[in-house]
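Undergrad: A structural model of the following input is requested.
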Amino acid sequence: MKWATRERIRMDRAASAWLILRFVDKDAEFEFVPTKGALELAHAKDAIPFVIPGAELSRKEGKVTFDAILEKYELTDPALHKLALIVREADISGSSAVSAEAPGFRAILHGFFLLDMPDPDTLRLELPIFDALYRFCQGKHIRD
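TA: Residues are numbered from 1 along each chain as shown. Okay, here's the model as predicted:
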């Protein structure tokens with residue numbers, strides 16, 4: 001399936017793309033569209049929009065799109081929910097950080113944003129970081 005999000009990916013867009021690719025649609029194709037008219041462009045490309053204002057899969061009520069995807073696709077893995085906490089805290093300014101990992105994770109992902117690479121390259125390089133953090137969350141859950 002095709003999926004569309006706004007260009008210049010950052011925390012929630014990258015995290016959601018990783019979640020989609022690893023747990024929802026292993027053959028996902030991503031379109032990175034301009035912010036202006038993003039929802040309309042996603043629909044014109046016959047793509048499922050995510051992290052786009054007005055889309056079903058978007059930030060709502062203090063939760064990020066990663067949370068919305070977990071809910072919609074009924075993903076119950078405890079490690080994914082721990083990862084969601086880290087993503088939420090790293091993405092939402094002023095959230096009460098209870099996760100020690102969130103500030104460092106935010107710095108790493110923001111550093112990729114500052115490199116100003118093409119979105120497909122950024123996502124390709126970030127996927128192993130999400131894989132590693134997910135694995136960390138699996139181990140953390142076992143010890144907690």
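
Undergrad: List the buried residues of the helix ranked longest in the chain.
TA: Longest helix in the chain, counting residues (DSSP state H): helix 119-143. Buried residues in helix 119-143, counting neighbours by 16 or more other Cβ atoms under 10 Å, are found at 119, 122-123, 126, 130, 133-134, 137, 140. For glycine as for every other residue, the C-beta is placed from the backbone atoms N, C-alpha and C.

Undergrad: Outside of that helix itself, list whatever touches it.
TA: 7-9, 14-15, 17-18, 21-22, 30, 32, 78-80, 82-83, 86, 101, 105, 108-109, 112-113, 115, 117 (Cβ atoms under 8 Å, 6 or more residues apart in numbering).

Undergrad: Show the subsequent helix or strand relative to the helix or strand containing residue 82.
TA: Assigned by DSSP states H and E, residue 82 belongs to helix 78-91. Using DSSP H and E, the helix or strand that follows helix 78-91 in sequence is helix 102-115.

Undergrad: Could you pull out the buried residues of that following helix?
TA: Buried-residue list, helix 102-115, by 16+ other Cβ under 10 Å: 102, 105-106, 109, 112.

Undergrad: just stretch 67-84 next, same as before
TA: Result for stretch 67-84 [16+ other Cβ under 10 Å]: buried residues 67-70, 79-80, 82-84.
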